[in-house]
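Asks: Just need the structure, nothing else, for what follows:
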Amino acid sequence: MTERNVNIQMRLTSVNEVSFMMLPGKITEEVLPENIKLGFSSQIQPEVENNKIALIFGVKYELEGDKVLECIYRFEFEVSGLAQFITIEDNDSITITYIMPHLISVAIGTMRGILVVKTAGTNLSKYPLPIIDPMQLTQTLSNP
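Replies: I've put the predicted structure just below:
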């Protein structure tokens, strides 16, 4: 995709928990950070006529195939001129241009703070959400 100058005006309007599950007892002092596998999920729910878009964003931590943490939040945004960034195909597939890395970036940063608070006082607090390239994650999530 060729780059072009695009003026994006957007704001985060709400953040709501969809689900949260944590089993901190499975994480012992001996667990190495590289043994915890991270997974991400996303779902987009656009309301083009209202210039609103929701991103359902999830983070999952696994240790030896067992889920030890799963956190899913709904991030709602207002995006001026949303229709120019979204194409909805006849088969209901959605193509989003330009704004997805911005939505993912906001979700990652917010989720990092949420996990710091939610895991405080547990062994999971030693494994904060790492720094993640939103462009790379956007590509990974759109091409599973």
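
Asks: From now on I want contacts and neighbour counts done on CA atoms only, so please keep to that.
Replies: Noted.

Asks: E78 is in contact with P46, isn't it?
Replies: No: with contact defined as CA atoms under 8 Å, E78 does not count as touching P46 (10.1 Å).

Asks: Mind listing the shared neighbours of those two?
Replies: Both E78 and P46 are in contact with 52-53, where contact means CA atoms under 8 Å, 6 or more residues apart in numbering.

Asks: OK, contacts around I8?
Replies: Per CA under 8 Å, 6+ apart, neighbours of I8: 79-80, 99.

Asks: so can I have JSON lines of the residues you listed showing distance to V31 and pLDDT?
Replies: Formatted as JSON lines, the contacts of I8 follow (distance: CA to CA, whole Å; pLDDT from 0 to 100):
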{"residue": "V79", "distance to V31": "42", "pLDDT": "95"}
{"residue": "S80", "distance to V31": "46", "pLDDT": "95"}
{"residue": "I99", "distance to V31": "37", "pLDDT": "92"}
